[in-house]
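> Any chance you can model this:
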Amino acid sequence: MSAALAQETSASLRIIMTVASLNVDHGGPSRTIPALCDALDRIGVSAPIVTRDETGAGRAALQNARRTSVRLIHDNGMWLPSNHAAAVAARRLGVPFVVSPRGMLEPWSLQHRGFKKRIAWRVFARRDLEGAALLHATSVMEAENFRALGLRQPAAVIPNGVDLPEMPDDRPRAEVRTALFLSRVHPKKGLLNLVAAWARVRPPGWRLVIAGPDESGHRAEVEVAIRTARLESTVSFAGSVAGEAKRRLFLDADLFILPTYSENFGVAVAEALAHGVPVITTRAAPWSDLESERCGWWISTGVDPLATTLNDATRLDDDTRIAMGRRGRALVARNFAWDGIARNMRDVYRWLIDGGASPACVRHD
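Residues are numbered from 1 along each chain as shown. Predicted coordinates for the structure are as follows:
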């Protein structure tokens, strides 16, 4: 195919990207989905986002999909009527349907509020998933969990991306070092384990900052644990942050901690590495690269391994942690740039629409 024809073919590709919400307090997809669509647009793929936050506009976009030559619908998330509506629209239009569960089929997530999910599974979710042309996983771990549920259709393993921020030439170290947690304040994230481990280690010359939106009132439980352990002088909350405030937290951090029970990707881990911060996270997140690239610690879930690792990480000298952060930033630049991720996604869309050999990122096993 000539370069001119390839460009024309790419520019003609129109899809609809559907997601329940882009509220920044709802986690990583509120950032990664718009970033993916922006990157797709840069390579000629039109991917307007339809959310249930604008119900009328969303219905109109789906109803007008045929008239605007939409070739595929790509839905994000699980369990909600809006997810089912996207599946129904794809069936009605006769176009391929792609689903990115965004971690909602991970074992921990399936068990959390499991009764409602079992009802949704029986009523519509299983049929919608089994009718999808392809499932999108952000890690091999997530794709393997699809198979454990009996979902056998092709699965594309394409990670989330992250922007590589500009870094100041000099990052002066404060007298007190900072360990940062930045994610939703939710039981899944393991904050009670972090408080217990921090209480056990009490690293001298360190403070812990907990940033992120409160979900389901979990912050109150964490605050009780902090007071019970008498950690008020070294542990503080920064609340929900975005933009420059979020960037400043990463730049001021000497260590990032995400002691999670379940992640399909872990955008905050990638963001921390992009800012040159070494990371501690659990094996419930797909970040074995932390060990292989020597930019962090990939540990078992629980208080004991976290306390041991905290003790080791906070005893390292600054130069060693800075070198780890540089290796982490290089990893992000190499593997998680949005333009490459968008090209992989475009190739998957093209394959679903036009046929031919499947892209290398697609698993059939």
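> Quick one: the strands in the chain, in order.
In the chain, the strands defined using DSSP state E lie at 15-19, 49-51, 72-76, 97-100, 134-137, 155-157, 177-182, 206-211, 235-239, 255-258, 279-282, 296-299, 362-363.
> Tabulate those (a markdown table), appending mean pLDDT, mean neighbour count and distance to residue 345.
In this view, the C-beta of every residue, glycine as well, is placed from N, C-alpha and C. Shown next, in a markdown table, are those (pLDDT from 0 to 100; neighbours: other Cβ atoms under 10 Å; distance: least, Cβ to Cβ, whole Å):
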| stretch | mean pLDDT | mean neighbour count | distance to residue 345 |
| --- | --- | --- | --- |
| strand 15-19 | 95 | 25 | 10 |
| strand 49-51 | 91 | 21 | 14 |
| strand 72-76 | 96 | 27 | 8 |
| strand 97-100 | 97 | 26 | 9 |
| strand 134-137 | 98 | 24 | 8 |
| strand 155-157 | 97 | 22 | 8 |
| strand 177-182 | 98 | 22 | 26 |
| strand 206-211 | 98 | 20 | 30 |
| strand 235-239 | 97 | 16 | 33 |
| strand 255-258 | 98 | 26 | 25 |
| strand 279-282 | 98 | 27 | 25 |
| strand 296-299 | 98 | 22 | 27 |
| strand 362-363 | 96 | 18 | 11 |
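> Would you reformat those strands as TSV and include distance to residue 43?
Below are the strands of the chain laid out as TSV (distance: least, Cβ to Cβ, whole Å):
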stretch	distance to residue 43
strand 15-19	13
strand 49-51	17
strand 72-76	15
strand 97-100	17
strand 134-137	17
strand 155-157	17
strand 177-182	30
strand 206-211	33
strand 235-239	36
strand 255-258	31
strand 279-282	30
strand 296-299	32
strand 362-363	19
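> For residue 89, find the nearest of those strands.
For residue 89, the closest of the strands of the chain is strand 72-76, at 6.1 Å, according to Cβ to Cβ.
> packing partners for that closest one?
Judged by 3 or more Cβ pairs under 8 Å, 6 or more residues apart in numbering; DSSP states H and E, the packing partners of strand 72-76 are strand 15-19, helix 81-93, strand 97-100, helix 338-354.
> Just the C-alphas of that strand, formatted as PDB.
Backbone C-alpha positions of strand 72-76 (Å, rounded to 0.1, in the frame of the first residue of the first chain) are rendered in PDB as follows:
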ATOM      1  CA  LEU A  72     -16.600   0.300  15.500                       C
ATOM      2  CA  ILE A  73     -17.700   1.000  19.100                       C
ATOM      3  CA  HIS A  74     -15.200   0.700  21.900                       C
ATOM      4  CA  ASP A  75     -16.700   0.600  25.400                       C
ATOM      5  CA  ASN A  76     -14.900   1.100  28.700                       C
END
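> Quick one: distance of it to the chain centre.
The chain centre lies 17 Å from the centre of strand 72-76; the measure is Cα atoms, centre = their mean, to the nearest Å.
> For that strand, which outside residues touch it?
Under the contact criterion Cβ atoms under 8 Å, 6 or more residues apart in numbering, strand 72-76 has outside partners 15-20, 29, 33, 47, 62, 65, 83, 86-87, 89-90, 93, 95-100, 102, 136, 349, 352-353.
> Give the pairing partners of that strand; include direction for each.
strand 15-19 (parallel), strand 97-100 (parallel) (DSSP bridges).
> quick revisit: now the helices and strands packed on strand 72-76 as JSON lines including distance to residue 250?
JSON lines is the format used below for the helices and strands packed on strand 72-76 (distance: least, Cβ to Cβ, whole Å):
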{"stretch": "strand 15-19", "distance to residue 250": "25"}
{"stretch": "helix 81-93", "distance to residue 250": "32"}
{"stretch": "strand 97-100", "distance to residue 250": "26"}
{"stretch": "helix 338-354", "distance to residue 250": "18"}
